[in-house]
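Undergrad: sequence first, then the predicted structure, then my questions.
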Amino acid sequence: MSSRRCDVLVIGGGIIGLTAAWRALETGANVVVLDPAPGDGATHAAAGMLAPVMEAGFGEQGLARLGTASLALWPAFAEALERAAGLPPGAVGLETTGTLAVAYDGDDLAVLRRLLDLHREWDLGSAEISPDEARRREPAVGQRLAGAAWVPRDHQVDPRAVHDALTAVVVARASLVRRAAVSLTWADGAVVGAVDEAGTRYAAGTVVLAAGHASGALFAGAPTRPVPGTTLRLDADADRSPAVVVRGTVQGRPVYAAPRAVRPDGRREVVVGASSDEREDDHLTRAGDVFALLRDARVLLPGLDDAVLLETTTRSRPGSPDNTPLLGWAADGLYLATGHHRNGILLTALTAAAVDEALGAAPGGTEALAAVEATARFADPRRFADVYSTTRGGTA
Ligand code: GLY
């Protein structure tokens, strides 16, 4: 049985795990990342919604605070990542052009208005606009609309471009091992490493657990569950597709469309999402989910009818008991960065700042540090300590 020693072992090579690895590298640490298929989990399906406003529902003010704090850190995070990866500015596709929220019928509008009342209470900046104003802002929106709102603080980024950039940085400076971790190693109540599926033992000063919905199988104090969702990738004519993110409700069913930058051939990728199920993890796309997403997307954005359906992708979000992330120390030697549920991409920038703070990396500035301090309590993994054991291993 072979063994390796490192300063920081990151379990999980999705957008969160590689972000943690990059920040650990900035401390000068020797870093190993374990993942059998880096980036092939929730990151692969994610549309890249940076939506602290429309993703926060009733009772989720803590999540709204985390999301808002993270959104503010995104421009500096994207810029630093592009620089580290040797990419030109804008390469990770951060767009801060706002979001149009639309309601298909009167019942959908009633729900949207209740949400707008909540946003007003929480001072999130969204406001109702007329259907005509909605079509003026986004001409791709169709005629059948009961109402709309402009959401100036919800944006988007290209998650696959972000993951590619992180991969470039991490592969150049760390060891990326394409194997799954099967257990953590404990000594005197502290986590001191992990064992991978080939039996290799890793001794590490710090283990960062960022294995998405599978985190709970390694540590009972990370009570994650899979929340599978399907997204579709369309190739659309720029003139017949939206230029800003559009999200809507069609007879109670949520749908969104995130348009990427227009290519020189006058076409663009549009990501349509997303289903959301409470079931076991699998990568199988249900016909009914594709049907429902396309039916609802084309009713709001009729020009998408002509688009080419390039890809259907189903992966599991990492849910937590309160659908808010687990971000912080959970035991000596064990840092959790998991349970980001529907907001993994949005919360990547705050996760980077939290890992900086935890590992002593050069912080992304006083704003980043202040954001971590102001929001840490909402994501503290020890909030579940009374319910889930934090001194033993996995539940699987
Ligand atoms: N963040 C959107 C989703 O999870 O579908």
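TA: Structure received. Residues are numbered from 1 along each chain as shown.

Undergrad: next SSE after the helix ranked longest in the chain?
TA: With secondary structure taken from DSSP state H, the chain has its longest helix at helix 61-84. Going down the chain from helix 61-84, the next helix or strand is strand 99-103, by DSSP states H and E.

Undergrad: what about that following strand, average pLDDT?
TA: On average, the pLDDT along strand 99-103 is 98.

Undergrad: likewise for stretch 118-135?
TA: Rounded mean pLDDT across stretch 118-135 is 96.

Undergrad: ok, stretch 352-363 next?
TA: Here the average pLDDT along stretch 352-363 is 89.

Undergrad: what of stretch 197-204?
TA: Stretch 197-204 comes out at a mean pLDDT of 98.

Undergrad: starting at the chain centroid, how far to it?
TA: Distance of stretch 197-204 from its chain centroid, counting by Cα atoms, centre = their mean, to the nearest Å, is 28 Å.

Undergrad: spell out which parts of the protein neighbour the ligand.
TA: Proximity of the chain to the ligand (Cβ under 6 Å from any ligand atom) is limited to residues 49, 55, 229, 273-274, 317, 342. Yep, even glycine has a C-beta here, placed from its N, CA and C like the rest.

Undergrad: re the thing from before, show me what counts as buried in the longest helix of the chain.
TA: 63-74, 76-78, 80-82, 84 (16 or more other Cβ atoms under 10 Å).

Undergrad: over to stretch 166-185?
TA: Buried, per 16+ other Cβ under 10 Å, within stretch 166-185: 166-170, 173-174, 176-177, 180-182, 184-185.

Undergrad: likewise for stretch 239-254?
TA: 240-250, 254.

Undergrad: what do you get for stretch 139-148?
TA: Result for stretch 139-148 [16+ other Cβ under 10 Å]: buried residues 140-142, 145-148.

Undergrad: how about JSON lines for these, with secondary structure, distance to Ala352 and pLDDT added?
TA: JSON lines is the format used below for these (DSSP: H, G, I helix; E, B strand; the rest coil; distance: Cβ to Cβ, whole Å; pLDDT from 0 to 100):
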{"residue": "Ala140", "secondary structure": "coil", "distance to Ala352": "34", "pLDDT": "98"}
{"residue": "Val141", "secondary structure": "coil", "distance to Ala352": "35", "pLDDT": "97"}
{"residue": "Gly142", "secondary structure": "coil", "distance to Ala352": "39", "pLDDT": "95"}
{"residue": "Leu145", "secondary structure": "coil", "distance to Ala352": "38", "pLDDT": "95"}
{"residue": "Ala146", "secondary structure": "coil", "distance to Ala352": "40", "pLDDT": "98"}
{"residue": "Gly147", "secondary structure": "strand", "distance to Ala352": "37", "pLDDT": "98"}
{"residue": "Ala148", "secondary structure": "strand", "distance to Ala352": "34", "pLDDT": "98"}
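
Undergrad: over to Gly59: give its phi and psi.
TA: Dihedral pair for Gly59: phi 80, psi 0, per degrees, to the nearest 10.

Undergrad: ok, it to Trp122 distance?
TA: 12 Å (Cβ to Cβ, to the nearest Å).

Undergrad: of those two, who's got more company?
TA: Trp122 (16 against 9; other Cβ atoms under 10 Å).

Undergrad: so the more buried one makes contact with Ala64?
TA: Yes - using Cβ atoms under 8 Å, Trp122 is in contact with Ala64, at 6.0 Å.

Undergrad: in what helix or strand does the nearest residue to Val111 once chain neighbours are set aside lie?
TA: Distances taken as Cβ to Cβ, 6 or more residues apart in numbering place Thr249 nearest to Val111, at 6.2 Å, with adjacent residues excluded. Here Thr249 sits within strand 245-250, counting by DSSP H and E.

Undergrad: what does Ala257 give?
TA: strand 253-259.

Undergrad: OK, contacts around the residue of the stretch 151-300 of the chain found nearest the ligand?
TA: In the stretch 151-300 of the chain, the residue that lies nearest the ligand is Ala274 (3.4 Å; Cβ to the nearest ligand atom). Contact partners of Ala274, counting by Cβ atoms under 8 Å, 6 or more residues apart in numbering, are 45, 47, 229-231, 256, 293.

Undergrad: quick one, what contacts the residue nearest to Gly39 when sequence neighbours are not counted?
TA: Ranked by Cβ to Cβ, 6+ apart and with sequence neighbours excluded, the top spatial neighbour of Gly39 is His163, at 4.5 Å. By Cβ under 8 Å, 6+ apart, His163 lies in contact with 14-15, 18, 38-39, 43.

Undergrad: let's see which of those residues end up in helices.
TA: Per DSSP H, these map to helices at 15, 18, 43.

Undergrad: looking at those residues, spot the one nearest Phe378.
TA: The nearest member of the ones in helices among the contacts of His163 to Phe378, counting by Cβ to Cβ, is Ile15 at 20.1 Å.

Undergrad: the closest one contacts Asn343, doesn't it?
TA: No - counting by Cβ under 8 Å, Ile15 does not reach Asn343; the two are 11.5 Å apart.

Undergrad: next one: phi and psi at the nearest residue to Trp22 once chain neighbours are set aside?
TA: Among residues not flanking Trp22 along the chain, Val169 sits closest, at 5.2 Å (Cβ to Cβ, 6+ apart). Recorded main-chain torsions at Val169 are phi -70, psi -50, according to degrees, to the nearest 10.
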